[in-house]
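K.L.:
Sharing a model that was predicted from the sequence below.
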Amino acid sequence: MKESTHLVCAGRHPERFGGVVNTPIFRASTILAGSMAEWEEMKRARAAEEPGATTYGRYGTPTTHALEEAIAGLEGGYRSLVFPSGLAAVSTALTALLSAGDHVLVTDSAYSPTRAFLERVLARFGVEVETYDPVDGKPIEALLRPNTRVVYVESPGSETFDIQDIPAISAAAHKHGAYVVMDNTWGTPLYFKPFVHGVDVSIQAATKYIVGHSDAMLGVVTCNRDTWPLVKQTTHDMGQTAGPDDIYLALRGLRTLAVRLQRHWQSGLRVAQWLEQQPQVEAVLHPALPSHPGHALWKRDFTGACGLFSVVLRTTSKASLTAFIDALEHFGLGVSWGGYESLVIPFTPGCAGPRWPYQGQAVRLHVGLEDPQDLIDDLRRGLMACSTQDARAQNEEADYDQTCPT
Ligand SMILES: *Cc1c(COP(=O)(O)O)cnc(C)c1O
């Protein structure tokens with residue numbers, strides 16, 4: 001089955017729901033058994049982890065199981081679990097795999113709330129957290145210790161868009177008995193296949209492209225056979241559960257993921273290529289551009305790109321950055337991404353030195369489903385406003401120099 005066909009079929013069982021095309025929204029806490037025999041059967045089915053077994057709302061309803069089945073299949077993993085947010089998926093997966101005395105390696109370009117969870121929460125419980133540089137060329141092997149239990153990867157990294165060599169990292173981690181946990185939100189289940197590349201646990205912030213319409217929060221963890229019992233147990237121990245209405249929105253978004261992504265990819269690349277040629281731009285950090293340091297790895301391991309990338313402006317002035325952003329009409333100023341609409345946010349990179357060789361102000365763009373020419377025209381206006389502000393500041397400085405001779 002080809003990917004777009006799989007997207008249409010994944011997790012759907014109309015025969016179970018009176019022929020209804022979409023798995024309905026099941027709102028439930030209690031699931032009744034009709035007799036003691038049925039009660040025993042429910043308990044048996046749950047213990048045997050039969051797909052679709054429902055015993056209590058917290059463990060999911062048929063709505064939940066439809067999304068879990070769909071994402072597990074698309075990511076190429078064994079089983080999935082749904083969470084009320086992407087960050088809940090991240091924090092639960094890490095809690096499941098790490099214990100006091102363990103060492104975890106986390107890339108410095110990981111989504112910053114992920115690093116904060118490790119450093120603020122798991123560190124309090126005796127987990128040793130070490131940040132590593134995803135691109136310095138030093139094999140991860142040198143950082144692995146006998147007590148390294150998890151290597152956390154995110155490729156491309158948030159904001160910096162560094163591409164990691166996931167197969168090489170996985171091979172090294174496995175040799176030392178460590179699990180590889182990946183945030184695969186940028187690649188989505190369509191453009192990066194984590195389990196083929198050696199990952200043990202893959203995380204989706206489904207809030208982004210899977211929901212796809214900026215109207216619900218959701219996360220999904222997908223496991224291989226080894227990690228499944230650990231992650232499932234901790235998820236249940238912590239009482240993690242997501243609401244059926246949000247899950248329905250994710251299932252609905254999923255059906256159009258392939259066509260939406262194709263458009264985000266094409267438009268994003270077109271906008272990135274245009275930006276790269278503008279004199280006001282210092283750098284465009286988009287893995288599908290040949291100028292990107294991780295381009296060869298991206299081409300080797302990914303089958304597409306989404307609409308999210310970073311741009312470094314030449315200006316170092318906050319006022320000019322402000323002029324740029326305030327002149328944009330089609331790029332909303334706000335966090336998150338993966339919806340149908342374009343977004344911009346300024347950021348200060350979490351890394352420095354050779355890891356961030358740029359001088360100018362940085363923004364992250366999400367290219368939505370608008371016509372790319374409208375977006376380019378919008379960015380042109382923004383860059384002009386930025387230049388005007390730079391020129392104004394220069395003139396003021398010149399005036400000042402004239403009136404105040406030293
Ligand atoms: C947004 C995001 C998350 C967290 O998802 P939420 O649903 O907002 O909790 C995790 N990882 C990445 C890369 C993200 O961009």
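P.N.:
All right, it came through fine.

K.L.:
List the residues that contact whichever residue of the stretch 51-200 of the chain sits closest to the ligand.
P.N.:
Closest residue of the stretch 51-200 of the chain to the ligand, C-beta to the nearest ligand atom: Gly86 (2.2 Å). For every residue, glycine as well, the C-beta is placed using N, CA and C. Contacts for Gly86 (C-beta atoms under 8 Å, 6 or more residues apart in numbering) come out as 185, 203-208, 217-219.

K.L.:
Can you give me the distance of the residue nearest to it when sequence neighbours are not counted to Thr185?
P.N.:
Distances taken as C-beta to C-beta, 6 or more residues apart in numbering place Ala205 nearest to Gly86, at 2.6 Å, with adjacent residues excluded. From Ala205 across to Thr185, the span is 4 Å (C-beta to C-beta, to the nearest Å).

K.L.:
gap between the residue nearest to Gly57 when sequence neighbours are not counted and the ligand?
P.N.:
Distances taken as C-beta to C-beta, 6+ apart place Ser29 nearest to Gly57, at 4.1 Å, with adjacent residues excluded. The gap separating Ser29 from the ligand is 24 Å, by C-beta to the nearest ligand atom, to the nearest Å.

K.L.:
need the residues of the stretch 301-406 of the chain near the ligand, please.
P.N.:
Residues of the stretch 301-406 of the chain lying near the ligand by C-beta under 6 Å from any ligand atom: Ser336.

K.L.:
wait, I meant the stretch 101-250 of the chain
P.N.:
Applying C-beta under 6 Å from any ligand atom, we find that the stretch 101-250 of the chain lies next to the ligand at 111, 158, 183, 185, 205, 207, 217, 219.

K.L.:
hang on, the residue nearest to Gly57 packs against Tyr59?
P.N.:
No: between Ser29 and Tyr59 there is no contact under C-beta atoms under 8 Å: 10.7 Å.

K.L.:
Which residue of these two possesses the greater neighbour count?
P.N.:
Using other C-beta atoms under 10 Å as the criterion, Ser29 and Tyr59 rank with Tyr59 on top: 17 against 9.

K.L.:
Tell me how many other residues crowd the nearest residue to that one once chain neighbours are set aside.
P.N.:
Leaving aside its sequence neighbours, Tyr59 sits nearest to His236 (C-beta to C-beta, 6+ apart; 6.7 Å). The number of residues packed near His236 is 13, by other C-beta under 10 Å.

K.L.:
so where does His236 fall, helix or strand?
P.N.:
If you go by DSSP states H and E, His236 is part of helix 228-237.

K.L.:
Could you do Val344 as well?
P.N.:
strand 343-347.

K.L.:
do Trp265 as well
P.N.:
Secondary structure (DSSP H and E) places Trp265 in helix 257-276.

K.L.:
Let's test this: mean pLDDT of that helix, rounded?
P.N.:
Mean pLDDT, computed over helix 257-276, is 98.

K.L.:
contacts for it?
P.N.:
For helix 257-276, the external contacting residues (C-beta under 8 Å, 6+ apart) are 3-4, 7, 188-191, 209-210, 212, 281, 284, 286, 288-289, 291, 304-309, 311, 340, 365, 367-370, 372, 375-376, 379.

K.L.:
list the buried ones in that helix?
P.N.:
For helix 257-276, burial by neighbour count (16 or more other C-beta atoms under 10 Å) applies to 257-258, 260-261, 263-265, 267-269, 271-272, 274-275.
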